[in-house]
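*Asks:* sequence-free structure coming up:
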């Protein structure tokens, strides 16, 4: 007797229908990330020269990297101290008010940075931006709010797009528009403002983009967290919860009639911080931290390596060329993730991609002394440029760790209403790692350049971090869905 194939087909074998991305809101999330990416990429090419110009090193070239690291770490110090609270607060009062605060902080801090004439002024500007810019964790929560498990990998495939654009435009802005009165005297030579503040012009560009993103977010973005209680009541309840975890806080999806409260309501209520520190959250946080330390240490050393004289261990490149290299690299990294991440995720899983990415850090580190050794012997030959290109190709694999870890963070969250707090935990610890990594890496780099010291010391430092990142990546499952239970 012939059986109906439709009746015999198991449900598990039927194709999964993927939900389309909500582009009406998703494009706004992509756009509001652009100013943040533009800030970092704009500052990178000219920061070493800025440190030299303000005279804080007293002409000691080996101390440039040390002060660059302090400047970078000041931002992450402030962010590490505040990002968890911003992320937790976003679970209670919504994401939109805090994103608007972050964009405002970016605009103000960049104007302040460009107008600063002392090292203290530069540090204060970065601290202000870090303290009020909690967008790193909140943006990821916004994406998780408007997607599901079928389209989240695709969404995170698009997430590097603003960073790719920032990597393209930012280094060109920072490298070309710094000291404009000297570079373009026929255009800016008569501007006393730009002569007095030679780094103001490249700082104005990210500030203007942040202002535009603020207007778009305010007028077009729909809040992704339901907040039925009045905002002041929610903030008061959240503040009381910080001092007393047992204090009943209004839920962002709370029922107005307490008699209707049930287990479903509890699952939709943001959990206290202690309840969010589950073994899964701690595991993915450990992996996030080690990857972030390596990535930030590498990114801090790379422009210094390019700018340092060959005889001291670098490549003797000038800011415009450094900016061009970083721009091309940004295009390649973003384009690869945009085109191939979702497909690679479907075939190999987030765990495999992440482990492969952090493992690429080992050959990335090895290439630093190889490049310098070739440059000492051959000058800036074809072999040197091929090794530089190989290093950036390997970095493409490292860049794909970020969307993988975002998927694990979503899966590790105790419930959907605590996504902000879970992202905040990971971002806080990662910000603490980023706070230490730039200053440590650049200081070790400066120390290793000094006469009588081991020139490879900074590479030993990076190699230890790379192996730690590989070790923590092995604690994650192959597929984040193994963890998801809400």
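*Replies:* Done, it's in. Only a predicted model underlies this, so the values are computations on that prediction, with no experimental measurement involved. Numbers count the residues shown, from 1 in each chain.
*Asks:* host element of the residue most central in space within the chain?
*Replies:* Nearest to the geometric centre of the chain sits residue 136, at 6.4 Å (CA atoms, centre = their mean). Taking DSSP states H and E as the definition, residue 136 sits inside helix 135-146.
*Asks:* ok, now which ones touch residue 482?
*Replies:* By CB atoms under 8 Å, 6 or more residues apart in numbering, the contact set of residue 482 is residue 411. Placement of C-beta: from N, CA and C, glycine included.
*Asks:* and the gap between it and residue 349?
*Replies:* To residue 349, residue 482 is 10 Å away according to CB to CB, to the nearest Å.
*Asks:* burial measure for residue 24, as a count.
*Replies:* By the criterion of other CB atoms under 10 Å, residue 24 has 11 neighbours.
*Asks:* look up the closest residue to residue 128, ignoring the ones flanking it.
*Replies:* Using CB to CB, 6 or more residues apart in numbering and skipping residues adjacent in sequence, the residue nearest residue 128 is residue 109, 5.0 Å away.
*Asks:* I figured the one you found hits residue 126, correct?
*Replies:* Yes - if you go by CB atoms under 8 Å, residue 109 and residue 126 touch, sitting 6.9 Å apart.
*Asks:* residue 45 is in contact with residue 323, correct?
*Replies:* Yes - in this structure, residue 323 is within contact of residue 45 by CB under 8 Å, at 4.2 Å.
*Asks:* give me the common contacts of these two.
*Replies:* 171, 174-175.
*Asks:* could I get the residues you listed as CSV with neighbour count?
*Replies:* As requested, these are exported to CSV (neighbours: other CB atoms under 10 Å):
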residue, neighbour count
171, 28
174, 30
175, 25
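*Asks:* in contact with residue 465, which residues?
*Replies:* 290, 293-294, 297, 361, 437.
*Asks:* okay, and which of the residues you listed map to helices?
*Replies:* Among the contacts of residue 465, the members falling in helices (DSSP state H) are 290, 293-294, 297, 361, 437.
*Asks:* find the pair from the residues you listed with maximum spatial separation.
*Replies:* 361 and 437 (12.9 Å; CB to CB).
*Asks:* quick check: neighbours shared by the two?
*Replies:* Any residue near both residue 361 and residue 437 by CB under 8 Å, 6+ apart counts here, and that gives 294, 465.
*Asks:* buried sites along stretch 341-350?
*Replies:* Across stretch 341-350, burial judged by 16 or more other CB atoms under 10 Å covers 341-342, 344-345, 349-350.
*Asks:* hmm, residue 106 is touching residue 33, no?
*Replies:* No - at 10.9 Å, residue 106 does not count as touching residue 33 under the criterion of CB under 8 Å.
*Asks:* just the pLDDT for the nearest residue to residue 39 once chain neighbours are set aside.
*Replies:* Nearest non-adjacent residue to residue 39, counting by CB to CB, 6+ apart: residue 206, 4.8 Å away. At residue 206, the pLDDT value in this model is 94.
*Asks:* before we move on, what about residue 19?
*Replies:* pLDDT recorded at residue 19 is 85.
*Asks:* which residues touch it?
*Replies:* Residue 19 touches 147-148, 150-151, counting by CB under 8 Å, 6+ apart.
*Asks:* how about low-confidence regions in the stretch 351-486 of the chain?
*Replies:* Scanning the stretch 351-486 of the chain with the threshold set as pLDDT under 70 gives 451-454, 484-486.
*Asks:* let's see it at 80
*Replies:* The model of the stretch 351-486 of the chain has pLDDT under 80 over residues 415-418, 430-436, 438-439, 442, 446-456, 481-486.
*Asks:* could I get the full set of helices for it?
*Replies:* Taking DSSP state H, counting those that start in this stretch as the test, the helices found in the stretch 351-486 of the chain are 361-378, 382-399, 401-412, 419-449, 457-473.
*Asks:* residue 131: which of the ones you listed is closest?
*Replies:* Nearest of those to residue 131, taken as CB to CB: helix 419-449 at 11.1 Å.
*Asks:* packing partners for that closest one?
*Replies:* Counting by 3 or more CB pairs under 8 Å, 6 or more residues apart in numbering; DSSP states H and E, the packing neighbours recorded for helix 419-449 are helix 64-93, helix 135-146, helix 273-276, helix 279-307, helix 401-412, helix 457-473.
*Asks:* which stretch in the ones you listed has the least confidence?
*Replies:* Comparing mean pLDDT over the helices and strands packed on helix 419-449, the weakest stretch is helix 273-276, at a mean of 76.
*Asks:* in that one, what's buried?
*Replies:* Buried, per 16+ other CB under 10 Å, within helix 273-276: 273, 276.
*Asks:* and stretch 208-215, by the same measure?
*Replies:* Neighbour-count burial for stretch 208-215 flags 209-214 (criterion: 16+ other CB under 10 Å).
*Asks:* out of the residues you listed, which sit inside strands?
*Replies:* Among the buried residues of stretch 208-215, no residue falls in strands (DSSP state E).
*Asks:* let's have those residues in CSV, adding distance to residue 220 and pLDDT.
*Replies:* Shown next, in CSV, are the buried residues of stretch 208-215 (distance: CB to CB, whole Å; pLDDT from 0 to 100):
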residue, distance to residue 220, pLDDT
209, 16, 95
210, 16, 95
211, 15, 95
212, 12, 96
213, 11, 95
214, 11, 96
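*Asks:* need the residues you listed in TSV with distance to residue 182, can you?
*Replies:* Below are those laid out as TSV (distance: CB to CB, whole Å):
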residue	distance to residue 182
209	25
210	27
211	28
212	29
213	31
214	32
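*Asks:* ok, how many other residues are close to the residue nearest to residue 401 when sequence neighbours are not counted?
*Replies:* Nearest non-adjacent residue to residue 401, counting by CB to CB, 6+ apart: residue 357, 4.1 Å away. For residue 357, the count of nearby residues is 25 (other CB under 10 Å).
*Asks:* doesn't residue 403 make contact with residue 357?
*Replies:* No - using CB under 8 Å, residue 357 is not in contact with residue 403; the gap is 10.1 Å.
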